[in-house]
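# mind looking at a prediction? Sequence and model below.
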Amino acid sequence: MDIEKVNSMDFGEFVDVFGSVTERCPLIAPAVFSQRPFSDLEDLEQHFFAFTDALPQSGQEGVLRCHPDLAGRELQRGELSAESQREQSAAGHTSLGAAERLWLAELNAQYRARSGFPFALAARLSDRAAVPRERARRLHCPPTQELNSALGEVKKIGRRRLADLLGSHATES
Ligand SMILES: NC(=O)N[C@H]1NC(=O)NC1=O
């Protein structure tokens, strides 16, 4: 899909196609639609990121709360979005043993109790061993730093989802 096609979409089509760029945050794609025309993928991406960057802290925390836990209840119940399912599967979360699942659930609960939102990580850039390691490390980061790290991960996730939609190659950041 090229950027001309994106710029020619009506509101309904735009939201259908790009509504999943930020996990379960139904307001962002409709707001980004107002910013057309986009010059290229990077420009489109920047508008998605700028929306979240401009939110007050409570709104940024809200964006994070829309994310399902990694290896959490939604995964067990088959309730993840198609994108999240693919990402969690890529990180090996669909083939965990019972003990590993319990351990991750405990880390998820500890993180959520401390920060007030779920642990966010771009699962496609990670793997089964790195996810718990990174979570254990970030559990001890100062809250402001942690909010920024989590929002950075949401951007990495969105960048790759957008690149998938537009058939282009996302860089590693
Ligand atoms: N909690 C969290 O980071 N969830 C996400 N990460 C990812 O790569 N896909 C998700 O749904």
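Great, that's in hand.

# going by C-alpha atoms from here, please, whenever you check contacts or count neighbours.
Fine.

# list the buried residues in the helix or strand residue 147 falls within.
Following DSSP states H and E, one finds residue 147 within helix 143-166. Going by neighbour count (16 or more other C-alpha atoms under 10 Å), the buried part of helix 143-166 is 146-147, 149-163.

# per-residue confidence averaged over it?
Across helix 143-166, the average pLDDT comes to 95.

# let's see that helix as CSV, backbone CA atoms only.
What follows is helix 143-166, C-alpha atoms only, in CSV (Å, rounded to 0.1, in the frame of the first residue of the first chain):
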residue,chain,number,x,y,z
PRO,A,143,8.5,5.6,37.7
THR,A,144,9.1,8.4,35.2
GLN,A,145,11.8,6.5,33.4
GLU,A,146,9.6,3.5,33.3
LEU,A,147,6.7,5.3,31.9
ASN,A,148,9.0,6.6,29.1
SER,A,149,10.4,3.1,28.5
ALA,A,150,6.9,1.6,28.2
LEU,A,151,5.8,4.3,25.8
GLY,A,152,8.9,3.7,23.7
GLU,A,153,7.9,0.1,23.5
VAL,A,154,4.4,1.1,22.3
LYS,A,155,6.1,3.1,19.6
LYS,A,156,8.2,0.1,18.5
ILE,A,157,5.0,-2.0,18.4
GLY,A,158,3.1,0.6,16.4
ARG,A,159,6.1,1.2,14.0
ARG,A,160,6.1,-2.5,13.1
ARG,A,161,2.3,-2.8,12.8
LEU,A,162,2.3,0.2,10.4
ALA,A,163,5.2,-1.2,8.4
ASP,A,164,3.2,-4.5,8.1
LEU,A,165,0.2,-2.6,6.8
LEU,A,166,2.1,-0.6,4.3
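
# neighbours around residue 75, how many?
Residues lying near residue 75 (other C-alpha atoms under 10 Å) number 19.

# how about it, secondary structure?
Using DSSP: H, G, I helix; E, B strand; the rest coil, the three-state assignment for residue 75 comes out as helix.

# ok, the closest residue to the ligand within the chain - contacts?
Closest approach between the chain and the ligand, counting by C-alpha to the nearest ligand atom: residue 120, at 3.1 Å. When contacts are counted by C-alpha atoms under 8 Å, 6 or more residues apart in numbering, residue 120 touches 64, 67, 69, 70, 150, 151, 153, 154.

# before I go, just wanted to say thanks for your time.
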